[in-house]
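K.L.:
Output the structure for:
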Amino acid sequence: MGYQDERRFPDWSYISKSGKFTELIDCIIISHFHLDHCGSLPYFTEMMGYDGPIYMTYPTKAICPILLEDYRKITVEKKGDANFFTSQMIKNCMKKVIAVNIHQTIYVDDDLEIKAYYAGHVLGAAMFYVKSGGESVVYTGDYNMTPDRHLGGAWMDKIEPDLLITETTYATTIRDSKRTRERDFLKRVHSCVEKGGKVLIPVFALGRAQELCILLDSYWERMGLGHIPIYFSAGLVEKANLYYKLFINWTNQKIKKTFVHRNMFDFKHIKPWDRNMVDAPGPMVLFATPGMLHAGTSLEVFKKWAPNELNMCILPGYCVVGTVGNKLLAGHKGVVEIDKKTSVEVKCQVHNLSFSAHADVKGILQLIRQSQPKNVLLVHGEKGKMHFLKEKIIEKFDIGCFDPPNGTTIFISTSHRVPVDISTGVFKRQLAEIKFSEEDLNADRPLKHLREALTTKTPIQGVLLMNANQEIFKLVDPQEAAEELGLPEHSLKFTTTWEFPQGNLTSPADVLNRLYKDIAEWLEDQSVVLSRDVRSILIRSLNISLKENSGISLSWDYEDEELVSHVLAIVRKSLNGDPQNAK
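P.N.:
Prediction:
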């Protein structure tokens, strides 16, 4: 913060030194409408030349241009900065936006797909699942796992991405219960106005503002405090209510149910703010933007009200280092520097009651448990706190976790899974070949043990087919493959011979009889048959027969290749007079 030139925007050279962004980037994803996530979008598209697709949810697409225009007015018209995007550029930029719904899968091209998940946080916020080839990433943006008075909690199914990129704003914080925080907030506000004081609540125009307005408006009604005015400074509040009505399906279940009878965003006790009221006598409550006390109405009013010890300032959200809000949260007392030319004596009460819609450490760990990623990348946080959370994630989940500084490139190894359907014939054959232990049969979770036994106790053999249209692999028996493909079936047979050792004085029949006993002992789960004339042994398709007094001949079908590898080891040991450890 604080830069007045191109450094206020990201350093695009990390993406491309040549400036050919459209060639390098397949698409842009905007998670929600807060300016730290979309504030440089028109600059990037209209001034840096990116001309590819941009994806965001419908509420974000509706609200984003309003906040961008407000940002432009403050920066250009009030501060007089140049080298900034214009109103027309914002409009041109938004024409490139493609809106998406929650759980809608979008195919950007043949090899890239994205899917949005509900993120809580603010109206329209989304987490995005991105898949390319066999690899996948989840980018959370900002999210909140805890439902509140107007939004639901973030949720994601078990998609097992290769990488989860998660925000860590509150990487080391475990917040009190929502009910406790609300009770404390109302108690402090009521106590201040009861003594004749004024309460300043810095907020951003959309999000926590609506949450706290619902809370305070219903409390005012319940306690009969209508004689004490509540004001909202931003002209956006009317537009915000319109968007909440328009996108009611993005709110929580309670608001959806009561919306027909009463719109929760038609506030009975909250009125528009007139800046002439700043010096008015008597108690009042003011919701003023922006939320970090770094500019605008909130800072203007704070400078007026801070020297009075009857007054109160409640900071309900996170404040970036360098802002007045952050200085107050850090415990600065007495004279606080606003900027290089201005200081103010702070005598009013200052409280931080976290109503921030960011996930705390419990919420971050909850999302990791839900989605079960193979690796986690921590962003959007403070260095020391991110390192603490990194150690906790590695310890708790035993997965890769990274907290790189800005501008650092990291390389993450991934493994590819290829799902294969197994035909009923192969499945039955596999079951027949497995010898289950008592543990398998008596386990608390027999299905889990059965699955492990099927995939680890013996190799699965068959013919792998792929459907050209759906790209689904299927493992079938050779007979099934021949039928499905309309091909004639051929039988592949193998034959080998084994000579008796030189100087062997034992009769061939005795050798074969001994071999039969050794094989029957080691392959007790197989049917081993010795012919009546003691000249051959039969095991499935494998036929072991005597040659003319010089050795034995073995012949078998391809399907029994695995079995024959065991039998040959037994034959080798048995003919050498050492059947031990033959298997």
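K.L.:
now this protein, which segments are flagged as low pLDDT?
P.N.:
1-5, 78-81, 205, 234-241, 256-265, 433-458, 468-471, 502-505, 549, 577-583 (pLDDT under 70).
K.L.:
Measure how far stretch 360-374 is from the centre of its chain, please.
P.N.:
8 Å (Cα atoms, centre = their mean, to the nearest Å).
K.L.:
Check stretch 303-323 too.
P.N.:
Distance, centroid of stretch 303-323 to centroid of chain: 35 Å (Cα atoms, centre = their mean).
K.L.:
How about stretch 529-542?
P.N.:
The answer for stretch 529-542 is 60 Å, by Cα atoms, centre = their mean.
K.L.:
So which residues make contact with that stretch?
P.N.:
Stretch 529-542 is contacted by residues 509, 512-513, 515-516, 519, 523, 526-528, 543-546, 554-557, 559-560, 563-564, 567 when judged by Cβ atoms under 8 Å, 6 or more residues apart in numbering. In short, each C-beta sits where N, CA and C put it, glycine included.
K.L.:
What is the neighbour count of residue 251?
P.N.:
20 (other Cβ atoms under 10 Å).
K.L.:
okay, which residue is most central for this structure?
P.N.:
The chain has residue 138 as the residue nearest its centroid, 4.2 Å off, counting by Cα atoms, centre = their mean.
K.L.:
ok, that one to residue 28 distance?
P.N.:
Residue 138 is 17 Å from residue 28, where distance means Cβ to Cβ, to the nearest Å.
K.L.:
quick one on the thing from earlier: tell me the SS of the residue nearest to the centre of the chain?
P.N.:
strand (DSSP: H, G, I helix; E, B strand; the rest coil).
K.L.:
Now, the contacts of stretch 529-542 that are in helices?
P.N.:
Residues of the contacts of stretch 529-542 located in helices (DSSP state H): 509, 512, 513, 515, 516, 519, 563, 564, 567.
K.L.:
Once you drop chain neighbours, what's closest to the fifth one?
P.N.:
Just to be clear, that refers to residue 516. Across the structure, with Cβ to Cβ, 6 or more residues apart in numbering as the measure, the residue nearest residue 516 apart from its sequence neighbours is residue 530 (4.5 Å).
K.L.:
Any idea how many residues pack against the one you found?
P.N.:
18.
K.L.:
what do you get for residue 526?
P.N.:
Going by other Cβ under 10 Å, the residues that sit close to residue 526 add up to 15.
K.L.:
right, and it touches residue 563 too?
P.N.:
Yes. Checked against Cβ atoms under 8 Å, the pair residue 526 and residue 563 is within contact range at 7.3 Å.
K.L.:
still on that earlier bit, name whatever forms a beta bridge with the residue nearest to residue 516.
P.N.:
Residue 530 has these beta-bridge partners by DSSP bridges: residue 537.
K.L.:
roughly how far apart are it and residue 515?
P.N.:
The value you get for residue 530 to residue 515, if Cβ to Cβ is used, is 9 Å.
K.L.:
again, but for residue 43
P.N.:
83 Å.
K.L.:
quick one: the strands in the stretch 301-450 of the chain?
P.N.:
312-315, 334-337, 343-346, 349-352, 375-379, 400-402, 420-422 (DSSP state E, counting those that start in this stretch).
K.L.:
Redo those as CSV? Include distance to residue 105 and mean neighbour count.
P.N.:
Converted to CSV, the strands of the stretch 301-450 of the chain look like this (distance: least, Cβ to Cβ, whole Å; neighbours: other Cβ atoms under 10 Å):
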stretch, distance to residue 105, mean neighbour count
strand 312-315, 40, 24
strand 334-337, 50, 12
strand 343-346, 52, 16
strand 349-352, 41, 18
strand 375-379, 23, 21
strand 400-402, 27, 19
strand 420-422, 21, 14
